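Enquirer: next comes the sequence, and after it the predicted model I'd like to discuss.
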Amino acid sequence: MGKFKASLTAMAVVVALSACSEQKVAETSVAPVPETSTADASGTAQFDNVLLQEFKGPYGGVPAFDKMSLEDLKPALEKAMELNLKEINAIANNEAPPTFENVIVAMERAGDELGRVFTYYGIWSSNKSSPEFRAIQAEMSPKLSAFSTKITQNEKLFARVKAVYESDELNTLTPEEQRIAWMTYNRFARNGATLDGEAKKRYAEINQELATLHTKFSNNVLADEENYVTYITEDQLDGLPSSFVTAAKAAAESRGEEGKYAITNTRSSMDPFLTYSTNRDLREKVWRTYYNRGDNADNFDNNEIIKRILTLRDERVELLGYENYAQWRLEDRMAKNPENAMDLMMKVWPAAIARVEEEVADMQAIANKEGADITIEPWDYRFYAEKVRQAKYDLDSNEVKQYLQLDKLREAMFYVAGRLFNFNFTPVEEGKVPVFHEDVKVWEVTDKDTGEHIGLWYLDPFSRQGKRSGAWATTYRSYTTFDGKKTVLSSNNSNFVKGAEGEATLISFDDAETYFHEFGHALHFLSADVKYPSSHSGVRDYTEFQSQLLERWLTTDEVINNYLVHHETGEPIPAELVEKIKKASTFNEGFKTTEYMASAIMDLKYHTTDPSKIEPDAFESEELKKIDMPEEIVMRHRSPHFGHVFSGEGYAAAYYGYMWAEVLTADAAEAFMEAPGGFYDKEVGERLVKYLFSVRNAMDPGEAYRKFRGRDAKVDALMRDRGFPIPSDSDQ
């Protein structure tokens, strides 16, 4: 999930630019911006530029998505940075003795205008990108990083932060306040505040160049996703489900290609095509098109960018005294160091590739029996895996898909949220809340018992040009109480292929799991019960845990029996089909685990190796060979389009975090399975909300998990969950 966080309200500097500061940049001057504000009777600034204006309207105010104009973006960013710097300088130059209130709380309060601008910036970046936006993004990224550097390298400000952190007052603060003070100090110390002279100057220069490179990497991938669409004709549709054919036809028509069918360069389109198309040559073409994003030896090739990014990251952490980037990155994560992260991966890797060998043998046997006269290649894996699934479990993925309607799955998610979190979701009347595209719908979230307003949930489910691939969650406003209660504006975004007009949108079982996963992030936002904005900053190898855990409710009896109904007949999914699904629950686990772990392992290798010894294409191939990567599988995210790692720094040296979180997920799931009420057990559910969701980052994640479970998580739970043999103590 390496996505751009739009919820930057009331955060200073490093905090206010938590996502932006992952595109670090150097010290350059921010040009003065003409004043465009006046003050109302209360003294609150009023702006002509809508992107700077306070959110107006119902529900505590909502973004003016219907009035956002790209021509306002650059001036809004420049003005917001100017205003925020004034706030920061006032905090730094305050002559009163430093206290938690006049330093840390003041920083938490700063940056409202910038936070609002970034709400809109995030929409343009992820949901409705265009060449015009990318030009602004390329120009402003280094300026934004320079702005961030101005704050992290503000010596007076850091001295005041340090004074608060080292003061006797710290012991009188609440646990959340103590953690906020530690996080604020740590962000400065880990981002160059302790450097002097030339080292500080070079640190800023590195940040500036990285910001430009991260943006270019991301835009190169998006260009390949938009430019490389595979169009096929009616005589090339053999094997493809009717729902996919209908959607592909609509996708082609929307691109002006009447009479054709579009296989877009996204996972949601590529995956089902490779699963069902009987045309092997076309499968290879679609596979290569997808996995070669950013690696086409053209203007959008990312290989040299990768090398430069790695070189700069390595140089930057060396200035801070670290041996490598991963060591710096993991210091304040649950894993603590790259050795612990890699150790977890290596406990699981042998079992994963051993399972792949079994899966390939099963597929090759079917291919041989059919007289295909082939050796299984990566573009065959999904196709023959589906045949194995049908042969071994008599389970047809397309048959299951007929019961996986997007709208009904959304209702299922609401049901789960009601049972676990006591939330009620009510559709907001169209037009009451502005949206940025007609496909976006909005729901009000309230407490089921009291009717108290919790927040809004926006859903943007469908793929379209200008929208980045994948699925993600974000917030436009987070819950805080330190400066008056603010309610939540949360959002889920997907890239499902929209069904034809009047027809249900059907998705795969894997996509249904992803739907629940991202909703888990939204519930994490909506259930927050913290005081300060910084408590929403995540620990990367923990933030995926809550969302991964929510996937488990998709296969609970309550969801299956009530929401998995046939899109034409309305009949519930047959019990025998459900039984097949459950029996096949660990099917193809070798493929899933290996493709993910290959990316996670490579991420760690990239960030623990001397960059001068790395040529990305060759390095990827050579390092995967060393760990016996199966030839029939490719990394889930090949290096040239590994946006989690190279389009920013959120998941850099931290992609392993999904697996770390999977251990927590499997272990937490067993807590529910052991409980009298199963996955809807009231007592375990209350602990889930109290310690794993509502607390956000106001408590150390390890401590929070122990409060939920009574102990640390055990890797054995993950092995059981995936159907892998559990290593003996001597193996570990």
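Expert: Cool, the structure landed.

Enquirer: distance of Thr505 from His567?
Expert: 9 Å (C-beta to C-beta, to the nearest Å). To be clear about C-beta, it is placed using only N, CA and C from the backbone, and glycine gets the same treatment.

Enquirer: so how far is Glu234 from the residue of the chain most remote from its centre?
Expert: The centre of the chain is farthest from one residue, Gly371, which by C-alpha atoms, centre = their mean lies 42.7 Å away. Gly371 sits 27 Å away from Glu234, going by C-beta to C-beta.

Enquirer: now swap in Arg468 and tell me
Expert: Note on Arg468: its distance to Glu234, by C-beta to C-beta, is 31 Å.

Enquirer: looking at the two, which is more packed in?
Expert: Arg468 (20 against 10; other C-beta atoms under 10 Å).

Enquirer: make sure the more buried one is indeed in a strand.
Expert: No: counting by DSSP: H, G, I helix; E, B strand; the rest coil, Arg468 falls outside a strand, being coil.

Enquirer: start the count at 487 instead of 1 going forward.
Expert: Sounds good: first residue 487 from here, last item Arg954.

Enquirer: so what's it up against?
Expert: Contact analysis of Arg954 by C-beta atoms under 8 Å, 6 or more residues apart in numbering lists Ser611, Ser612, Asn613, Ser615, Ser704, Leu708, Glu711.

Enquirer: related to what we said a few turns ago, and the residue farthest from the centre of the chain, what helix or strand is that in?
Expert: Using DSSP states H and E, Gly857 sits in no helix or strand.

Enquirer: count of neighbours near Ala851?
Expert: Neighbours of Ala851 under the rule other C-beta under 10 Å: 13.

Enquirer: the helix or strand where it lies: what's the following helix or strand?
Expert: Taking DSSP H and E as the definition, one finds Ala851 inside helix 824-855. Counting by DSSP H and E, the element after helix 824-855 in chain order, helix or strand, is helix 867-879.

Enquirer: hmm, who's touching that next one?
Expert: 757, 760-764, 769, 845-846, 848-850, 852-853, 862, 881-883, 1066, 1069-1070, 1073-1074, 1077, 1118-1119.

Enquirer: C-terminal to that helix, what's the next element?
Expert: Sequence-wise, the next helix or strand downstream of helix 867-879 (DSSP H and E) is helix 883-887.

Enquirer: that following helix - contacts with which helices or strands?
Expert: In terms of contacts (3 or more C-beta pairs under 8 Å, 6 or more residues apart in numbering; DSSP states H and E), helix 883-887 is packed against helix 995-1012, helix 1061-1069.

Enquirer: the stretch 637-786 of the chain: strands as residue ranges?
Expert: With DSSP state E, counting those that start in this stretch applied, the stretch 637-786 of the chain shows strands at 716-718, 747-749, listed in chain order.

Enquirer: and the first one, what does it pack against?
Expert: When you say that, I think you mean strand 716-718. Going by 3+ C-beta pairs under 8 Å, 6+ apart, strand 716-718 lies up against strand 747-749, helix 766-777.

Enquirer: neighbouring strands - and their directions - for it?
Expert: Using DSSP bridges, strand 716-718 pairs in its sheet with strand 747-749 (antiparallel).

Enquirer: so for the partner strand, mean pLDDT?
Expert: Across strand 747-749, pLDDT averages out at 96.

Enquirer: give me the buried positions along it.
Expert: Neighbour-count burial for strand 747-749, counted by 16 or more other C-beta atoms under 10 Å, picks out Tyr747, Ala748, Ile749.

Enquirer: now do the contacts for the last one.
Expert: Contact criterion C-beta under 8 Å, 6+ apart gives Val715, Thr716, Tyr717, Ile718, Ala734, Ser755, Met756, Phe759, Val772 as the residues in contact with Ile749.

Enquirer: could you rerun that using 6 Å?
Expert: By C-beta atoms under 6 Å, 6 or more residues apart in numbering, the residues touching Ile749 are Thr716, Ser755, Phe759, Val772.

Enquirer: identify the bridge partners of it.
Expert: With DSSP bridges as the rule, Ile749 is bridged to Thr716.

Enquirer: quick one: it from Asn713, how far?
Expert: Distance, Ile749 to Asn713, by C-beta to C-beta: 14 Å.
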